[in-house]
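Q: Compute the structure for the input listed below.
(2 chains)
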Amino acid sequence: MPNIIFIKPDGVSQTVTGRAGETLMEAARRGGIAEILAECGGNCMCATCHVFAADEILAALPPVSDDEDALLDGTAADRQPNSRLSCQIKLTDAMEGFVFHLPATQV
Amino acid sequence: MSEAIELPALDFDPFGQKFFDNPYPDFAALREAGPVVRLSRYGVFGAGRYQEVSAILADNVNFCSSRGVGITDYKKSPPYRGPSLVLETDPPLHTPRRAVLNRVLSPGAMKKLREDFFSGARALVEKLLAGDGEWDAIRDIAEAFPLSVFPDAVGLPPGGRENLLPYGNFVFNSMGPENQLLKDSLAQVPPVADWINAHCQRDALSPDGFGAGIYAAADRGEILLEEAPLLVRSLLSAGLDTTVNGIGAALYCFARFPDHWDRLRAEPALARNAFEEAIRFESPVQTFFRTTTTDVALSGVHLPEGAKILMFFGAANRDPSRWQNPDKFDITRVTSGHVGFGGGIHMCVGQLLARLEGEVILTALAERAARIELIAQPRRRYNNTLRGLAALPIRLHAA
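A: Okay, here's the model as predicted:
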């Protein structure tokens, strides 16, 4: 399964190895990425697992659903064109080395 | 079929006073007995382990809500009041209505309320600290704070707000059996229901609240116009008693575990997680039913079509196979994944509002109060679904 690189607001990076069947949010939580709160537990309801995808991987991610799109409008750190909710991204082997930047705040 | 016959049976009453006073021995018995048990008193099934409760919540196809989330199977007997348009429906009917409520109660909507809620919480704490320090933390904080912000956020007029709590009390009792609790709360309902129904209408609601947002969605054609008042009713039914019991749970925890109050005072940014931990620890919404739509296998147990199964959120939230030291209140715990707000497509639509209310009142208290001292025995409030207190006598010590 892929190695995912998270870059914290202070620039420090941390790599988490994904497991089969996990979402990006689940991998981040398991890897101790405290910037991902996931208050709703992955039900696409709270927008506290917000990440910014590196520009070069944006097109390779699964599309944004209407529910995710609506939630992204209310993220605590303002939405950017590369904003995603990490609970909506199922990890695949093709995501090796993908880079996600973490916002400074989730609430 | 032999599996069903061999299912362990438990005789405790999940809608009885003994259970309400101390559900924890029954929770342990439920989890130990197996993934699914028979609740022999009512001829229904029950699940108390985290794994099965989560699995049921996630599977709205095999475990439906449209036959009622209470003990009554609506296929066999219709409900007292019309069923909720969201809580007691399945996709596809559920989907557009839920989307409207999601939008009205979205993270963006909460951002707009945040400052006002903080001001309200700080003003209340100021008032509490100006007094002699002795308060009922339920009436004077857990009820007073949501009552000072929630009805305004919905867009209700000032008069008649005292109807909201008895209505919620009835709605959450109605999911249990026809016991004395339900009969007593039903007896109070007729005048209360008249007020509630009148205030679900567009002309009773201010133009800037959640209620108006629901009508605006109907104007845009996202839901039918006749659905709008019933969605407002859902907010009024489920939006107040729940947060009162959530905030009450947090205050009761801090009154019992003062070391965690000290911890919160040292780091007020923990307030939001502290509220979440209180929801896990006390599980203010204790139980909901689902009904099987077909013959289902759940963790190897066969359930026939039309079976009612009761999910015990409080038991799942204290399941030692999911949580380390589950019986310890710890405001630094990673709480993500608890089922205190349910899960799946019916997960509490007001969870963001609940968290906001909990966060701001705990923050405001932590800023100013050195201690929440329990000065007399708390008194429990009984409800077939909700767990909480009727009274929590405290002395609030100024910092």
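
Q: Only C-alpha atoms from now on, for both contacts and neighbour counts.
A: Fine.

Q: How much space separates residue B:342 from residue B:53?
A: For residue B:342, the distance to residue B:53 equals 9 Å [C-alpha to C-alpha, to the nearest Å].

Q: Now do the shared contacts for the two.
A: Listed as contacting both residue B:342 and residue B:53 by C-alpha atoms under 8 Å, 6 or more residues apart in numbering or on different chains are residue B:313.

Q: and the closest residue to chain B within chain A, what element?
A: Nearest residue of chain A to chain B, counting by C-alpha to the nearest C-alpha: residue A:74, 3.6 Å away. Applying DSSP states H and E as the criterion places residue A:74 outside every helix and strand.

Q: Hmm, it is touching residue B:103, no?
A: No: using C-alpha atoms under 8 Å, residue A:74 makes no contact with residue B:103, being 10.0 Å away.

Q: Check the contact between residue A:46 and residue A:40; I expect there is one.
A: Yes: counting by C-alpha under 8 Å, residue A:40 is a contact partner of residue A:46 at 5.8 Å.

Q: distance of the residue nearest the centre of chain A from residue B:111?
A: Nearest to the mean C-alpha position of chain A, by C-alpha atoms, centre = their mean, lies residue A:86 at 3.0 Å. Per C-alpha to C-alpha, residue A:86 is found 21 Å from residue B:111.

Q: repeat for residue B:82
A: As judged by C-alpha to C-alpha, residue B:82 and residue B:111 stand 33 Å apart.

Q: Which one's more surrounded, those two?
A: Per other C-alpha atoms under 10 Å in any protein chain shown, whichever of residue B:82 and residue B:111 has more neighbours is residue B:111, with 15 against 9.

Q: Next up, the contacts around whichever residue of chain B sits closest to chain A.
A: Residue of chain B nearest chain A, by C-alpha to the nearest C-alpha: residue B:108 (3.6 Å). Neighbouring residues of residue B:108 by C-alpha under 8 Å, 6+ apart: A:71, A:73-75.

Q: switch the cut-off to 10 Å
A: A:47, A:70-76 (C-alpha atoms under 10 Å, 6 or more residues apart in numbering or on different chains).

Q: Can you say which helix or strand has it in it?
A: If you go by DSSP H and E, residue B:108 is part of helix B:107-130.

Q: which of the residues in that helix are buried?
A: B:107-110, B:117-118, B:120-122, B:124-126, B:128-129 (16 or more other C-alpha atoms under 10 Å in any protein chain shown).

Q: would you turn those into a markdown table with distance to residue B:331 and pLDDT?
A: Shown next, in a markdown table, are these (distance: C-alpha to C-alpha, whole Å; pLDDT from 0 to 100):
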| residue | distance to residue B:331 | pLDDT |
| --- | --- | --- |
| B:107 | 23 | 96 |
| B:108 | 26 | 94 |
| B:109 | 26 | 96 |
| B:110 | 23 | 96 |
| B:117 | 22 | 98 |
| B:118 | 21 | 98 |
| B:120 | 24 | 98 |
| B:121 | 20 | 98 |
| B:122 | 22 | 98 |
| B:124 | 23 | 98 |
| B:125 | 21 | 97 |
| B:126 | 24 | 96 |
| B:128 | 24 | 96 |
| B:129 | 24 | 95 |
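
Q: and stretch B:214-221, C-alpha only, in CSV?
A: Output of stretch B:214-221 as CSV, limited to C-alpha atoms (Å, rounded to 0.1, in the frame of the first residue of the first chain):
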residue,chain,number,x,y,z
ILE,B,214,-35.4,25.1,5.3
TYR,B,215,-38.2,27.1,3.6
ALA,B,216,-35.7,28.7,1.2
ALA,B,217,-34.7,25.2,0.2
ALA,B,218,-38.3,24.4,-0.5
ASP,B,219,-38.6,27.6,-2.6
ARG,B,220,-35.7,26.4,-4.6
GLY,B,221,-37.4,23.1,-5.2
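
Q: In that stretch, which residues are buried?
A: By 16+ other C-alpha under 10 Å, the buried positions in stretch B:214-221 come out as B:214-218.

Q: Just list the residues touching residue 55, thanks.
A: Answering for chain A, as no chain was given. Neighbours of residue A:55 in contact, by C-alpha under 10 Å, 6+ apart: A:81-82, A:99-100.

Q: You answered for a different chain; I wanted chain B.
A: Shown in contact with residue B:55 (C-alpha under 10 Å, 6+ apart): B:63, B:298-299, B:343-344.

Q: Chain A next: which of those are close?
A: Contacts with chain A within those, counted by C-alpha under 10 Å from any C-alpha of the partner chain: B:343-344.

Q: List only buried entries from the contacts of residue B:55.
A: Counted by 16+ other C-alpha under 10 Å, the contacts of residue B:55 give B:63, B:343-344 as buried.

Q: can you tell me which of these are in strands?
A: residue B:63 (DSSP state E).
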